[in-house]
Structures are given as C-alpha cells and as structure tokens.
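A.B. asks: one predicted model, sequence on top.
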Amino acid sequence: MLAIAARSGRRGRVRADDYLPELLLADSPEASERIVRRVFGPLERAEAVDLADTLRCLAVHGFDSTAAAAALPVHRNTLLYRMGRIEKLTGLSLKDQRDRTLVLLAVTWETVAPALQSASGWPDAFD
C-alpha cells in the first residue's frame, strides 16, 4: 500500500480506505491485466497510440470531453472523432457507466502496477 500511496504523490497519513480501487486491482493482478488488455489491446493492435492517449486523458478528466480536449490539446470535434474511433475499435461505449468503469480500472492499474513491480523487486511480476 505504501508503494501505491507514494506513486500517487499523496503526502501524510496513508489509509487503506483512500486506495480501495488500487488495492482491489493489486489483489488480482491477472484480472487487472485482463482489464487492461480488454480496454487497450484493440488500440495497441491498431497501432493507435493517439487513441490510447486520448482514452487515458478522458478517464483522468472524468470523461468530460471539453476538459480532455483542452488537456490534449485538440479541438473538441477532433476529440469527438477520436472517441468514435475508440468505440469502434474497442467495442466499448464511452457513455456506458460499466464501460467507463473498465476504462478507469485499466488506467488505474497502469498507474499502480509499476509501483508494485518496483516495490516487490519482480520486474515481470504482472506480465
């Protein structure tokens, strides 16, 4: 848990309740990797790095297309076009809460896994 907290950049007291999604993912690394493959695998196979980055940015900004477009930075219409391509390639609906949850879990695991790997000393612990 300390590795997760350190990776998040938070300071001060560390409580398990503050990291429940991360701990849930860490408790099942195989399922977590499967989620990442489900979400990002189709984009990787299509060599669509810009779409993967767009999807990560959307997740970080709570799927707010205006905020994500500003952060990327791209025109909002460009972002909407990318979202359509993401949906087509992945089969996910970025309006569906269940699919958004998968994206959030995948992005969270991508952030957490390196911290756990370096803390455990197992370079390929979750591959």
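C.D. replies: Perfect, I can see it now. This is a predicted model, so every value here is computed, not measured.

A.B. asks: how about the nearest residue to Leu94, chain neighbours excluded?
C.D. replies: Sequence neighbours aside, Met83 is the residue nearest to Leu94 in space, at 5.6 Å (criterion: Cβ to Cβ, 6 or more residues apart in numbering). To be clear about C-beta, it is placed using only N, CA and C from the backbone, and glycine gets the same treatment.

A.B. asks: what residue is smack in the middle of this protein?
C.D. replies: Residue closest to the average C-alpha location in the chain (Cα atoms, centre = their mean): Val107, at 0.9 Å.

A.B. asks: may I ask which helix or strand encompasses that residue?
C.D. replies: helix 97-120 (DSSP states H and E).

A.B. asks: which other helices and strands does that helix contact?
C.D. replies: helix 2-8, helix 20-27, helix 29-45, helix 49-60 (3 or more Cβ pairs under 8 Å, 6 or more residues apart in numbering; DSSP states H and E).

A.B. asks: got the angle between that helix and helix 29-45?
C.D. replies: If you take axes from the mean of the first three to the mean of the last three Cα atoms, to 10 degrees, helix 97-120 sits at 110 degrees to helix 29-45.

A.B. asks: that's all I had, so thanks and see you.
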